[in-house]
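A.B. asks: give me a model of this one.
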Amino acid sequence: MKEEVFLIIRRLIMARIDDYKMAKELAVKKLKELSLAELKRRSLFDLKDDSTFIVPFLGEVYEVSYPDFEFKNTKEPEKEISIIEEVLILHYFKAVPFVDEHFKWISFREIPGTGFYFSAFTKRAIDPLRKVFGFQLEKFEKVSKLLGGKPLDVGDKGFEFWVFPRVPIRLILWMGDEEFPPEANILFRSSIDKILSPEDIVWTASLLVYKMIGMSKKL
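C.D. replies: I've put the predicted structure just below:
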């Protein structure tokens, strides 16, 4: 099922593959200007040694070399890693830490600058979450726990996931019945726009949902 999820992601990004290659090159160029210690401070990722970051991401564990920023899947070293995942992780590396004491949970529409991306967010994240798990809350719960999700007392079922050390995401479902269709929502900390761009936020949420869908097919 991992291969199926990879194919979904591949179809979504194929038309823009050159853009993502360029984005990776630009991100690496910027990150090379920062020290290993500074990148560790910004990302909160652990170090394997003095030239390798350990990056947990949606059930996988990647090793990211410094200063070349080459990626390797520690579980399956020969497995190809999607470039969108690499770009997303590199963009997260660039985020400058800040005090985040007074955040609140907000929807995607409430994040500054996301208006243009709302349709893509709904299509890639909200709709798949609602359609696949809206009538299968037990499966949603099982998959969420397998990914380390923390149960929440919201909706009919809700879980919080730490996709990155500074980026928690909440997935919430309301079960459908004969009269009403299922509903879903995805919430972020109000400070998310200081860490990721609107497009990166779309991909972060959608990759989490795709991962869960792939895992659910094995249950």
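A.B. asks: helices or strands up against the longest helix along the chain?
C.D. replies: Longest helix in the chain, counting residues (DSSP state H): helix 198-216. For helix 198-216, the packing partners by 3 or more Cβ pairs under 8 Å, 6 or more residues apart in numbering; DSSP states H and E come out as helix 2-13, helix 83-94, helix 118-121, helix 127-133, helix 137-146, strand 157-164, strand 167-174. Bear in mind the C-beta positions are built from the backbone N, C-alpha and C, glycine included.
A.B. asks: now the second one and helix 198-216, what's the angle there?
C.D. replies: Counting by axes from the mean of the first three to the mean of the last three Cα atoms, to 10 degrees, helix 83-94 lies at 130 degrees to helix 198-216.
A.B. asks: rewinding a little: and K30, which of the helices and strands packed on helix 198-216 is closest to it?
C.D. replies: Among these, helix 83-94 comes nearest to K30, with 6.2 Å by Cβ to Cβ.
A.B. asks: distance from that closest one to the middle of the chain?
C.D. replies: 10 Å (Cα atoms, centre = their mean, to the nearest Å).
A.B. asks: likewise for stretch 144-153?
C.D. replies: On Cα atoms, centre = their mean, the centre of stretch 144-153 falls 15 Å from that of its chain.
A.B. asks: list of residues touching it?
C.D. replies: For stretch 144-153, contacts defined as Cβ atoms under 8 Å, 6 or more residues apart in numbering pick out 58-59, 141, 157-162, 170-172, 208, 211-212, 215.
A.B. asks: returning to what we had before: buried ones in the longest helix of the chain?
C.D. replies: Neighbour-count burial for helix 198-216, counted by 16 or more other Cβ atoms under 10 Å, picks out 198-216.
A.B. asks: ok, now stretch 86-101?
C.D. replies: Of the residues in stretch 86-101, those buried (16+ other Cβ under 10 Å) are 86-93, 95.
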